[in-house]
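S.K.: Dropping a prediction and its sequence here:
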Amino acid sequence: MSRIERVELFHVSVPLPAAFYPSWIPGYPQTHVRYTLIRLTTDDGVTGVSAGTAFSREREGLGDLIGPYLVGTDPTDVGRVRQRLREASYLGWRNFWIECAFYDIMGKLEGKPVYKLLQDTEQTVERVPVYASSGEVRTFDRRKPFLDDVRNRGIRAVKLRVKDPARADDVTILRQVRREVGDGFVIGVDANQGWPVSLIDPTPVWDLEYATAFGRECDDLGIAWIEEPLDMHDWDGMAKLRSAVKTPIAGAEMTSGRHEVLPFFEHESLDIYQPDTTFSGFTDARFVMDQCRKRDLRYTPHTWTCGVGLLINLHAAAAWNRGELLEYPYEPGSWVPEARDGIIPPILPGPDGALAVPQEPGLGIHVDDRRLARFGRRFYTATPLRIAVRVVREKGLRAALELKRKKRGK
């Protein structure tokens with residue numbers, strides 16, 4: 001039986017070619033794609049990777065917290081892995097993004113791509129169609145080159161950001177884009193109201209009245225979905241909005257674990273569920289898929305993190321396999337594949353506007369060690385010996401031996 005022998009954590013920071021102004025943090029110039037990378041290695045040499053989005057180096061102490069939880073763990077015992085990650089979260093960060101690295105290992109041990117581990121039947125899924133997801137609020141004149149670029153790439157769907165500072169007219173850009181692309185082109189819209197941030201500039205906060213008026217305009221324009229039109233905890237408000245407009249309501253991207261997503265189901269808040277697998281882990285992604293099937297609802301994960309996160313969510317989308325479009329984060333000039341993906345080969349859609357699903361065992365994530373050395377810094381390594389030495393130094397030999405005995409007994 002395989003056991004986790006080594007845990008490594010890296011700060012990764014890839015510079016963008018130009019400052020990116022995310023609609024979800026008004027006024028903030030983002031200059032790098034940053035995340036924490038974890039690499040697990042078993043005692044028989046199998047590796048698994050995952051990434052958790054980061055603002056900077058806020059996870060500096062994560063290794064000391066999770067290392068003792070993970071070293072020695074059976075990577076195929078998902079129940080125990082999730083329990084240990086949950087226990088560690090009581091003392092610090094939400095950690096279910098780490099679970100994806102265990103699925104990477106499980107897929108390799110079973111000789112299957114991860115998406116097949118999530119299916120009831122092992123159906124091969126070669127490609128998943130995408131929509132180009134913009135990240136900035138732009139006027140039509142500045143947005144038109146993006147539309148031209150996307151259409152030249154064979155993509156037939158986009159998501160636009162709306163966030164008028166005066167909360168007066170978020171519809172103008174939609175009208176202009178609809179005239180430009182025609183009725184057959186898919187347009188989704190993201191209001192980023194789920195978790196408003198006013199770190200730099202104040203964010204315009206929508207209420208149910210404004211969201212309803214906006215939604216009815218979207219009805220007339222044939223908008224495919226409205227994402228996060230209200231605060232993520234306003235489950236009743238979203239349910240009322242869903243009843244008041246025809247355009248599907250989407251959300252739940254920031255939920256971490258089923259306890260956070262269940263209220264959306266209980267209040268019948270959404271038509272489309274979008275939890276990011278790097279926030280929830282694959283186990284709860286599967287839970288959300290099952291709940292959506294039971295209720296005849298839709299599922300397509302949020303992916304705006306980094307290239308590793310995009311590939312992780314591509315497996316979740318392939319497991320769902322109901323023709324839903326997957327988010328493809330793309331803002332030409334700043335948030336481009338070469339920077340977004342950074343330490344792995346750029347993930348590019350084909351001329352059919354779809355991504356190829358990795359078919360090799362595991363997640364199919366190939367980290368370029370040279371690029372990792374350039375853009376990353378390893379800040380923590382755990383092995384059984386390192387942990388033992390630390391425990392002896394901190395607790396004393398007698399206590400260390402007693403802890404080892406109890407752990408082996410479990």
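M.R.: All right, it came through fine. These figures come from a predicted structure and were not determined experimentally. Residues are numbered from 1 along each chain as shown.
S.K.: what ranges do the strands span in the protein?
M.R.: Across the chain, reading from the start of the chain, the strands by DSSP state E fall at 4-20, 30-42, 47-53, 127-133, 157-161, 186-190, 225-227, 249-251, 272-273, 298-299, 326-329, 354-356, 376-382.
S.K.: of the ones you listed, which approaches residue 113 most closely?
M.R.: Go through these one by one with C-beta to C-beta and the one that ends up closest to residue 113 is strand 354-356, at 11.5 Å. For every residue, glycine as well, the C-beta is placed using N, CA and C.
S.K.: Report the strands that pair with that closest one, each with its relative direction.
M.R.: The partner list of strand 354-356 in its sheet, established with DSSP bridges, is strand 127-133 (antiparallel).
S.K.: quick revisit: in CSV: the strands of the chain, plus mean neighbour count, mean pLDDT and distance to residue 205.
M.R.: CSV is the format used below for the strands of the chain (neighbours: other C-beta atoms under 10 Å; pLDDT from 0 to 100; distance: least, C-beta to C-beta, whole Å):
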stretch, mean neighbour count, mean pLDDT, distance to residue 205
strand 4-20, 19, 98, 23
strand 30-42, 21, 98, 22
strand 47-53, 24, 97, 23
strand 127-133, 23, 98, 22
strand 157-161, 22, 98, 15
strand 186-190, 23, 98, 15
strand 225-227, 26, 98, 16
strand 249-251, 26, 98, 15
strand 272-273, 23, 98, 22
strand 298-299, 20, 98, 26
strand 326-329, 25, 98, 24
strand 354-356, 18, 98, 34
strand 376-382, 17, 97, 37
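S.K.: Excluding chain neighbours, give the residue nearest to residue 165 in space.
M.R.: Spatial nearest neighbour of residue 165, excluding adjacent residues (C-beta to C-beta, 6 or more residues apart in numbering): residue 204 at 5.6 Å.
S.K.: burial of the one you found, as a residue count?
M.R.: 19 (other C-beta atoms under 10 Å).
S.K.: Next up, the contacts around the most centrally placed residue in the chain.
M.R.: Computing the C-alpha centroid of the chain and ranking residues by C-alpha atoms, centre = their mean puts residue 276 first, at 3.6 Å. For residue 276, the set of contacting residues under the criterion of C-beta atoms under 8 Å, 6 or more residues apart in numbering consists of 253-254, 301-305, 309, 313.
S.K.: Please repeat the previous calculation with a cut-off of 6 Å.
M.R.: The contact partners of residue 276, taken as C-beta atoms under 6 Å, 6 or more residues apart in numbering, are 253, 301-302.
S.K.: of these, closest to residue 388?
M.R.: Among these, and counting by C-beta to C-beta, the member closest to residue 388 is residue 301, at 39.1 Å.
S.K.: Leaving out the residues flanking it, which one is nearest to that closest one?
M.R.: Nearest residue to residue 301 in three dimensions, chain neighbours excluded: residue 313, at 4.2 Å (C-beta to C-beta, 6+ apart).
S.K.: Might one say that that neighbour is in contact with residue 278?
M.R.: No: in terms of C-beta atoms under 6 Å, residue 313 does not count as a neighbour of residue 278; the distance is 7.2 Å.
S.K.: neighbour count winner among those two?
M.R.: Neighbour tally, residue 313 and residue 278, criterion other C-beta under 10 Å: the higher count belongs to residue 278, 30 against 26.
S.K.: quick one, what contacts residue 71?
M.R.: Taking C-beta under 6 Å, 6+ apart as the definition of contact, the neighbours of residue 71 are 4, 382, 384, 387.
S.K.: Please repeat the previous calculation with a cut-off of 10 Å.
M.R.: Taking C-beta atoms under 10 Å, 6 or more residues apart in numbering as the contact definition, residue 71 lies against 3-7, 40, 382-388.
S.K.: Need the per-residue pLDDT for it.
M.R.: You'll see residue 71 listed with a pLDDT of 93.
S.K.: go on, residue 408?
M.R.: Model confidence at residue 408, given as pLDDT, is 70.
S.K.: what about it, neighbour count?
M.R.: Residues lying near residue 408 (other C-beta under 10 Å) number 8.
S.K.: My understanding was that it contacts residue 384; is that so?
M.R.: No: using C-beta atoms under 10 Å, residue 408 and residue 384 do not qualify as a contacting pair, with a distance of 11.6 Å.
S.K.: got any residues that touch both of those two?
M.R.: residue 72.
S.K.: hang on, the earlier thing: can you work out which residues contact both of residue 313 and residue 278?
M.R.: What both residue 313 and residue 278 touch, as defined by C-beta under 10 Å, 6+ apart, is the set 100, 285, 301-303, 305.
S.K.: can you put these in JSON lines and add distance to residue 177 and neighbour count?
M.R.: Shown next, in JSON lines, are those (distance: C-beta to C-beta, whole Å; neighbours: other C-beta atoms under 10 Å):
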{"residue": "100", "distance to residue 177": "34", "neighbour count": "31"}
{"residue": "285", "distance to residue 177": "31", "neighbour count": "30"}
{"residue": "301", "distance to residue 177": "24", "neighbour count": "29"}
{"residue": "302", "distance to residue 177": "22", "neighbour count": "28"}
{"residue": "303", "distance to residue 177": "22", "neighbour count": "26"}
{"residue": "305", "distance to residue 177": "26", "neighbour count": "23"}
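S.K.: Present the residues you listed as TSV; the columns should include distance to residue 117 and pLDDT.
M.R.: Converted to TSV, the shared contacts of residue 313 and residue 278 look like this (distance: C-beta to C-beta, whole Å; pLDDT from 0 to 100):
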residue	distance to residue 117	pLDDT
100	11	98
285	11	97
301	16	98
302	21	98
303	19	98
305	21	96
